[in-house]
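Novice: below is the sequence, then the predicted model.
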Amino acid sequence: DAKTTQPNSMESNEEEPVHLPCNHSTISGTDYIHWYRQLPSQGPEYVIHGLTSNVNNRMASLAIAEDRKSSTLILHRATLRDAAVYYCILNRDDKIIFGKGTRLHILP
Amino acid sequence: DSGVTQTPKHLITATGQRVTLRCSPRSGDLSVYWYQQSLDQGLQFLIQYYNGEERAKGNILERFSAQQFPDLHSELNLSSLELGDSALYFCASSVGRGPNTEAFFGQGTRLTVV
């Protein structure tokens, strides 16, 4: 399974943008980059995914490096409700394999 | 609400017993995934079904089995339960298969083995 590397934890202030990095240097051409998050006491929640181009949706933006060896999840204006564990996943053969993720703390 | 329904929400049982966890996917979704989440192991992929057929297998123990029925609901059977099987079990569903589809997760079943 393709591997991703994320910081264990990050902090951000409420109402400020948050950039969550992910390295995936062994990515292959057909791997999609997916982001999920897990809020406390809940199941994982889909955030966004992409292949090569940057993607935007109502929750977040995904910026993918030109060589695809890294990506960044951008929360444009963090709220307390965004405190969660964020998982960056390479989806290759339909198996969604979770790593340890980044625990995001939001400071009021 | 993701649209994925898991029952029961909580289950307490004794070692050696057998339990069945149920998952109803979102309407129209053909793929179902099962995951186990324990404190020390994180989210572990167990197995995936697509339209009734097993598609991918992860770290699923031989004591565990699953199936997806013609109406697309799925069941995860856990037998000869051990204390270490205590965990949250999540089901997810997606409309199709392949890496370009997003999955939607249920709220999980919390299994406690005593």
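Specialist: Structure received.

Novice: buried residues in stretch A:99-108?
Specialist: Buried residues in stretch A:99-108, counting neighbours by 16 or more other Cβ atoms under 10 Å in any protein chain shown, are found at A:G99, A:G101, A:T102, A:R103, A:L104, A:I106. The way it works is simple: take the backbone N, C-alpha and C, and place the C-beta from them, glycine included.

Novice: equivalent analysis for stretch B:27-41, please.
Specialist: B:D29, B:L30, B:S31, B:V32, B:Y33, B:W34, B:Y35, B:Q36, B:Q37.

Novice: what does stretch B:5-13 give?
Specialist: B:T5, B:Q6, B:L11, B:T13.

Novice: in strands only, show me those.
Specialist: Those of the buried residues of stretch B:5-13 mapping onto strands are B:T5, B:Q6, B:L11, B:T13, per DSSP state E.

Novice: which one of those sits closest to A:D31?
Specialist: B:Q6 (28.8 Å; Cβ to Cβ).

Novice: which residue is the nearest non-sequential neighbour of the closest one?
Specialist: Counting by Cβ to Cβ, 6 or more residues apart in numbering or on different chains, B:Q6 lies nearest to B:G106, which is 3.9 Å off, once chain neighbours are set aside.

Novice: give me the three-state assignment for B:G84.
Specialist: helix (DSSP: H, G, I helix; E, B strand; the rest coil).

Novice: number of residues surrounding it?
Specialist: Number of residues near B:G84 (other Cβ atoms under 10 Å in any protein chain shown) recorded here: 12.

Novice: where does pLDDT dip in chain A?
Specialist: For chain A, the stretches flagged by pLDDT under 70 are A:1-2.

Novice: picking up where we left off before, go through the buried residues of stretch B:5-13 and name the one nearest B:I47.
Specialist: Closest to B:I47, out of all of the buried residues of stretch B:5-13 and judged by Cβ to Cβ, is B:Q6, at 15.1 Å.

Novice: right, and that closest one touches B:F105 too?
Specialist: No: applying Cβ atoms under 8 Å, one finds B:Q6 not in contact with B:F105, separated by 9.0 Å.

Novice: so what sits against both of these two?
Specialist: B:F90, B:C91 (Cβ atoms under 8 Å, 6 or more residues apart in numbering or on different chains).

Novice: make JSON lines out of the buried residues of stretch B:5-13 and add distance to B:E62 and pLDDT.
Specialist: Formatted as JSON lines, the buried residues of stretch B:5-13 follow (distance: Cβ to Cβ, whole Å; pLDDT from 0 to 100):
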{"residue": "B:T5", "distance to B:E62": "28", "pLDDT": "98"}
{"residue": "B:Q6", "distance to B:E62": "23", "pLDDT": "98"}
{"residue": "B:L11", "distance to B:E62": "21", "pLDDT": "97"}
{"residue": "B:T13", "distance to B:E62": "19", "pLDDT": "98"}
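
Novice: chain A: which of these is nearest?
Specialist: B:Q6 (8.4 Å; Cβ to the nearest Cβ).

Novice: mind checking how far that closest one is from B:R22?
Specialist: 7 Å (Cβ to Cβ, to the nearest Å).

Novice: partner residues bridging A:M10?
Specialist: Note on A:M10: beta-bridge partners A:L104, judged by DSSP bridges.

Novice: can you report how many residues neighbour it?
Specialist: A:M10 has 16 neighbours, counted by other Cβ under 10 Å.
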